[in-house]
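1. Turn this into a model:
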Amino acid sequence: MYQVATKHTKHEVRKEGNTFFINEIAFDWDIIPIGKDKYHIIYNHQSYNAELITIDPEKKEVTLKINEEVHHILVKDKFDLLLEKLGMANMSSAQLNEIKAPMPGLILSIDIKEGDEVKKGDSIMILEAMKMENVLKSPGDGVVRKIPVKKGDSVEKNTILVQF
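-> Here you go, the predicted model:
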């Protein structure tokens, strides 16, 4: 299941076999490739020319041109939606002053020490929550100033784990 959003709309999309369902309604269309990243689509007795302009996997954004009109589409998969539900969706855009626990859990390991320089995406620590090991990664570049927790500590949601 995916959530697909444009500037004005949001839809749930899933695929079952060769059939797409949009908001649980079967999407009946014909799509024919007519060139590199270009397609002809017939939907609801209307013809559309579509061109894939860009795909940005990091931002999970697709830009399409449909009948000369450009559309920016944000795609979230089930994991993005779960992170959003757990309050972890915006960790990568947070200012790098501190990292807080995204959920209650147990500190299994700490992969950094005070004074370390970390880069975006570096493993910071492993937090066990709901019987799952969650690798917490740095949302940006910085120098570790303080680690107020230690291995084996139980933490609550929003407990400060690392300060920069």
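2. show me what contacts the closest residue to Lys76 other than its chain neighbours?
-> In this structure, Lys76 finds its nearest non-sequential neighbour in Gln3, 4.4 Å apart by Cβ to Cβ, 6 or more residues apart in numbering. For the C-beta atoms, the positions are set from N, CA and C on the backbone; glycine is no exception. The contact partners of Gln3, taken as Cβ atoms under 8 Å, 6 or more residues apart in numbering, are Lys10, His11, Glu12, Val13, Val75, Lys76, Asp80, Leu81.
3. any idea how far His45 is from Asp28?
-> 11 Å (Cβ to Cβ, to the nearest Å).
4. Return the per-residue confidence for the spatially most central residue of the chain.
-> The geometric centre of the chain, computed from its C-alpha atoms, lies nearest to Asp80 (Cα atoms, centre = their mean), at 4.1 Å. At Asp80 the predicted local confidence, pLDDT, stands at 82.
5. where's it, which helix or strand?
-> Of the helices and strands defined by DSSP states H and E, Asp80 is found in helix 78-85.
6. what's in contact with stretch 20-34?
-> Stretch 20-34 has contacts (Cβ under 8 Å, 6+ apart) with His11, Glu12, Val13, Arg14, Lys15, Thr19, Tyr39, His40, Ile41, Ile42, Tyr43, Asn49.
7. Could you spell out which stretches of this structure belong to which domain?
-> As given by automatic domain parsing, the domain ranges for the chain are 2-78, 89-163.
8. Now tell me which of those domains the model trusts least on average.
-> domain 89-163 (a mean of 88).
9. OK, contacts around Val70?
-> Contact partners of Val70, counting by Cβ under 8 Å, 6+ apart, are Ile53, Thr63, Leu64.
10. Out of the domains of the chain, which is the most enclosed?
-> domain 89-163 (a mean of 15; mean count of other Cβ atoms under 10 Å).
11. The residue nearest to the centre of the chain contacts Leu74, correct?
-> No: in terms of Cβ atoms under 8 Å, Asp80 does not count as a neighbour of Leu74; the distance is 9.5 Å.
12. Mutual contacts of those two, please.
-> Lys60.
13. ok so, going back, so which of the contacts of Gln3 comes closest to Pro139?
-> Sorting the contacts of Gln3 by distance to Pro139 puts Asp80 at the head of the list, at 15.4 Å, by Cβ to Cβ.
14. how much space between the closest one and Phe164?
-> The spacing between Asp80 and Phe164, counted by Cβ to Cβ, is 25 Å.
15. quick one, what contacts Asn49?
-> For Asn49, the contacting residues are Ile34, Lys38, Tyr39, His40, Ile41, Ile66, Asn67, Glu68, taking Cβ under 8 Å, 6+ apart as the criterion.
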